[in-house]
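>>> build me a structure from this.
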Amino acid sequence: MKDKLLEQASHEYSPKQRFVALLLMVPIFLFILPWLFIRLGARLDHWLQLPPILDPPFNLILGWLLILSGWLVGMWSNYSQFTIGRGTPVPLMATQKLVIQPPYTYCRNPMALGAFGMYLGVAILFHSIGAGIVVLLFAGLLLIYIKSVEEKEMEIRFGQEYLAYKQQTPFLIPHFRNRP
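Take a look at the predicted model:
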């Protein structure tokens with residue numbers, strides 16, 4: 001299994017192939033998932049008779065602030081993986097180099113952090129406590145996957161370099177201290 005993983009991860013794809021893979025992911029992460037969170041959240045709001053989150057204009061300001069900042073962190077993370085790591089977040093097109101430059105110096109999972117911020121922003125924008133709950137459940141499941149699968153894969157692929165990075169960089173909540 002370890003050999004198969006290393007063989008698959010060591011295949012480097014061209015920038016064009018990686019770009020196409022990223023383009024195929026855009027509708028899922030920017031449209032389908034937010035739509036799904038809002039739909040499920042609206043049902044949960046109705047079922048539990050939950051009140052709306054924040055009144056206008058506060059929901060608009062906070063919602064768009066979270067959406068924009070989450071999107072920017074996500075794009076920065078993707079760009080770093082694409083250019084520095086020569087890969088993508090798509091597991092089948094894994095990075096060829098461990099990315100430990102910003103934003104990955106602040107936390108090991110800035111892309112997940114950006115996505116959670118963006119999706120919580122959508123929930124706030126649409127006044128939905130239920131959507132916020134659904135986003136948090138999604139975040140919890142994703143973080144369990146990252147901890148139990150992705151981190152073990154990174155240890156196999158990058159060995160001691162990843163273990164050292166893991167030891168000095170927080171999992172999700174960023175720190176902005178100077179690094180040695």
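
>>> going by C-alpha atoms from here, please, whenever you check contacts or count neighbours.
Will do.

>>> check this structure for its longest helix and report it.
The helix that spans the most residues within the chain, counting by DSSP state H, is helix 58-83.

>>> list the buried residues for that helix?
Buried residues in helix 58-83, defined by neighbour count with 16 or more other CA atoms under 10 Å: 59-60, 62-78, 80-82.

>>> grab the nearest non-local neighbour of residue 165.
Using CA to CA, 6 or more residues apart in numbering and skipping residues adjacent in sequence, the residue nearest residue 165 is residue 100, 7.4 Å away.

>>> burial of the one you found, as a residue count?
With neighbours defined by other CA atoms under 10 Å, the count for residue 100 comes to 20.

>>> just checking, it touches residue 166?
No: using CA atoms under 8 Å, residue 100 is not in contact with residue 166; the gap is 9.9 Å.

>>> any idea of the pLDDT on the spatially closest residue to residue 106 that is not a sequence neighbour?
Taking CA to CA, 6+ apart as the measure, residue 106 lies nearest to residue 174, with 4.8 Å between them; neighbours along the chain are not counted. Per-residue confidence at residue 174 stands at 94 (pLDDT).

>>> do the same with the one 4 residues further on
As predicted, residue 178 sits at a pLDDT of 57.

>>> how far does the lowest-mean-pLDDT helix or strand in the chain sit from its chain's centre?
Taking mean pLDDT, DSSP states H and E as the measure, the helix or strand of the chain with the lowest value is helix 2-10, at a mean of 73. Mean-position distance between helix 2-10 and its chain equals 23 Å (CA atoms, centre = their mean, to the nearest Å).

>>> packing partners of that helix?
With contacts defined as 3 or more CA pairs under 8 Å, 6 or more residues apart in numbering; DSSP states H and E, the packing partners of helix 2-10 are helix 151-168.

>>> in the helix it packs on, what counts as buried?
For helix 151-168, a neighbour-count test (16+ other CA under 10 Å) marks 151, 153, 154, 156, 157, 162, 165, 166 as buried.

>>> again with stretch 20-28
21, 22.

>>> dump that stretch to CSV, restricted to CA.
Written as CSV, here are the backbone C-alpha positions of stretch 20-28 (Å, rounded to 0.1, in the frame of the first residue of the first chain):
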residue,chain,number,x,y,z
VAL,A,20,-7.7,21.7,-15.8
ALA,A,21,-8.1,19.6,-12.6
LEU,A,22,-8.4,22.9,-10.6
LEU,A,23,-11.0,24.3,-13.0
LEU,A,24,-13.1,21.1,-12.6
MET,A,25,-13.1,21.6,-8.8
VAL,A,26,-14.3,25.2,-9.0
PRO,A,27,-18.0,24.4,-9.4
ILE,A,28,-17.9,22.0,-6.5
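
>>> outside of that stretch, which residues touch it?
Residues from elsewhere that reach stretch 20-28 (CA atoms under 8 Å, 6 or more residues apart in numbering): 88, 90.
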